[in-house]
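Enquirer: can you look at this prediction? I've put the sequence above it.
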Amino acid sequence: MGHQTTVFEMLPKLGGMLRYGIPNYRLPKDRLDEDIQAILETGVQVEFGKRIGKDITIQSLRQEYDAVSYFHRCKH
């Protein structure tokens, strides 16, 4: 039931702005890691070190997967 999900992450850890933009005293990273782990335990796959447009193309993702959602990072 549902869909198999693969996340392509260019950074070494998941969390995006929650990890890299919010200070630890506001959002403890161990708590964030617990939430991320709970998500991963549902079967979400992650491929780290993949930059869309450099390491992998949108076209190749569209050929391999039934659906593609693209979320880009915020620069700070």
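Expert: Good, I have the coordinates.
Enquirer: which other helices and strands contact the worst-scoring helix or strand of the chain on mean pLDDT?
Expert: Using mean pLDDT, DSSP states H and E, helix 16-20 stands out as the lowest-scoring helix or strand of the chain, at a mean of 91. Judged by 3 or more CB pairs under 8 Å, 6 or more residues apart in numbering; DSSP states H and E, the packing partners of helix 16-20 are helix 29-40. Any C-beta I mention is one placed from the backbone N, CA and C, and that applies to glycine too.
Enquirer: which residues does the helix it packs on contact?
Expert: Residues outside helix 29-40 that contact it (CB atoms under 8 Å, 6 or more residues apart in numbering): Leu14, Gly15, Leu18, Arg19, Val46.
Enquirer: OK, contacts around the second one?
Expert: By CB under 8 Å, 6+ apart, Gly15 lies in contact with Lys29, Leu32, Ile36.
Enquirer: let me know the pLDDT of it.
Expert: The model reports Gly15 with a pLDDT of 94.
Enquirer: do the same with the last one
Expert: Taken from the predicted model, the pLDDT recorded for Val46 is 97.
Enquirer: now it: closest residue in space that isn't a chain neighbour?
Expert: In this structure, Val46 finds its nearest non-sequential neighbour in Val7, 4.8 Å apart by CB to CB, 6 or more residues apart in numbering.
Enquirer: cool, the first one as well?
Expert: Once flanking residues are discounted, Leu14 sits nearest to Ile36: 5.0 Å by CB to CB, 6+ apart.
Enquirer: how much space separates that neighbour from Gly21?
Expert: Distance of Ile36 to Gly21, computed by CB to CB, to the nearest Å: 15 Å.
Enquirer: who's more crowded, those two?
Expert: Ile36 (18 against 13; other CB atoms under 10 Å).
Enquirer: where does this structure dip in pLDDT?
Expert: Applying pLDDT under 70 to the chain flags the ranges 1, 73-76.
Enquirer: quick one: the strands in this structure?
Expert: 6-9, 45-48 (DSSP state E).
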